[in-house]
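Need a 3D model of the following:
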Amino acid sequence: MPAKGGRLEAQFTTTGALTASFTDSGGTTVVSVPAGSYYFNQFLTEIDNDLGANWTISVSDGEGGVSAATGRVTIQSSATPFSVTFTSTLMRDILGFTGNVASTSSPATGANHVYGMWLPGCAKFTRHGDSDAGTLITDFRTLVSPSGDQVSFYGNKYRVIDGVRWEGVQRQRVRTFAESVTNESLETFYLMTQLADSGVSIFSVGSPIRFYWDADVDGTYRVVKAQWPPTFDPNTWFQGYTGLYVIDMPRLKVES
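Now for the predicted structure:
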């Protein structure tokens, strides 16, 4: 079976309701997403649950290369024409739009990659295969006396996932300066969701991450916290060629 690329989604927290008006020939629906903590697809589901059957809102976040999985949201209605007015600019920005959606009969796709998601665009390697529960780490200790008496102690344990690696990641998905779509790179994801240092206030330092084994199947994830090094400097796949990179994820401590 071919390896999956998967994806990363970091948790963010909103402090107030985020609203937008979705209007089509059937009328206007005011969508309101309550304050709370969300991963991106949870946030999108909250919006979708408020919309009627005419509406479709989806994000391109499945398996495939950068042209197949773009990280951009598309909104459309079968009751055309339709328009969207973002009362909350934060909702607009999370969804990757740079303004309201003017009246149209064609699907409307955001200009930017959504907040808090990274799509590698190529297959990954995992040391123990997908769906790994994580390597068990404990404080188990054994003491043996000079006479051979043995005493063991144990109190705590946790699990980690090591050795997650993507080879051949396109430069635009790695370095911020090389992005073809704003916010699509791992460097931006790291700045925004792990350092909370991108001007986006909804993430915290070291935000929890849903690590998806299969980007096409939303239930295939572990919630982890990443133990990032202080320097972000991925290596190129081939010396002297800056078009493709190798991403070695840091140790991932399994939260759930």
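
distance of the nearest residue to Thr182 once chain neighbours are set aside from Ser37?
Among residues not flanking Thr182 along the chain, Asn112 sits closest, at 4.2 Å (C-beta to C-beta, 6 or more residues apart in numbering). Every C-beta, even on glycine, is put in place using the N, C-alpha and C of the backbone. Applying C-beta to C-beta, to the nearest Å, the value for Asn112 to Ser37 is 22 Å.

Which one's more surrounded, those two?
Between Asn112 and Ser37, Asn112 has the larger neighbour count (other C-beta atoms under 10 Å), namely 19 against 14.

That one: which element?
Assessed by DSSP states H and E, Asn112 sits outside every helix and strand.

Please list all residues in contact with it.
Residues in contact with Asn112 (C-beta atoms under 8 Å, 6 or more residues apart in numbering) are Arg72, Asp93, Gly96, Phe97, Thr98, Val181, Thr182, Asn183.

now with 7 Å?
By C-beta atoms under 7 Å, 6 or more residues apart in numbering, the residues touching Asn112 are Gly96, Thr98, Val181, Thr182, Asn183.

Against Arg173, how distant is it?
14 Å.

Need the contact partners of whatever helix or strand Val246 lives in.
Per DSSP H and E, Val246 falls inside strand 241-248. Identification of contacts with strand 241-248 by C-beta under 7 Å, 6+ apart yields 120, 165-171, 174, 186, 234-237.

Just the buried ones from the residues you listed?
Pro120, Trp166, Val169, Gln170, Arg171, Val174, Leu186, Pro234, Trp237 (16 or more other C-beta atoms under 10 Å).

Just flag the most distant two among the residues you listed.
Spatially, the most separated pair among those is Leu186 and Trp237, at 14.4 Å (C-beta to C-beta).

Spell out, range by range, the helices that occur in this protein.
40-50, 89-95, 186-189 (DSSP state H).

Out of those, which is closest to Ser32?
helix 40-50 (7.0 Å).

For that closest one, buried residues please.
Phe40, Asn41, Gln42, Phe43, Leu44, Glu46, Ile47, Asp50.

how close does the first one get to Ser83?
In this structure, Phe40 and Ser83 are separated by 23 Å, where distance is defined by C-beta to C-beta.

cool, the fifth one as well?
Look at Leu44 and Ser83: by C-beta to C-beta, they are 19 Å apart.

In JSON lines: the helices of the chain, plus mean pLDDT and distance to Val144.
Listed next are these as JSON lines, based on pLDDT from 0 to 100; distance: least, C-beta to C-beta, whole Å:
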{"stretch": "helix 40-50", "mean pLDDT": "97", "distance to Val144": "51"}
{"stretch": "helix 89-95", "mean pLDDT": "98", "distance to Val144": "57"}
{"stretch": "helix 186-189", "mean pLDDT": "98", "distance to Val144": "47"}
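
Compile these into a markdown table and extend it with columns for distance to Gly116.
What follows is those, written out as a markdown table (distance: least, C-beta to C-beta, whole Å):
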| stretch | distance to Gly116 |
| --- | --- |
| helix 40-50 | 5 |
| helix 89-95 | 8 |
| helix 186-189 | 7 |
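
Quick one: residues contacting the nearest residue to Val59 once chain neighbours are set aside.
Excluding the flanking residues, the one nearest Val59 by C-beta to C-beta, 6+ apart is Val73, at 4.9 Å. Residues near Val73 by C-beta under 7 Å, 6+ apart: Ile57, Val59, Leu95, Gly96, Thr109, Gly110, Val114.
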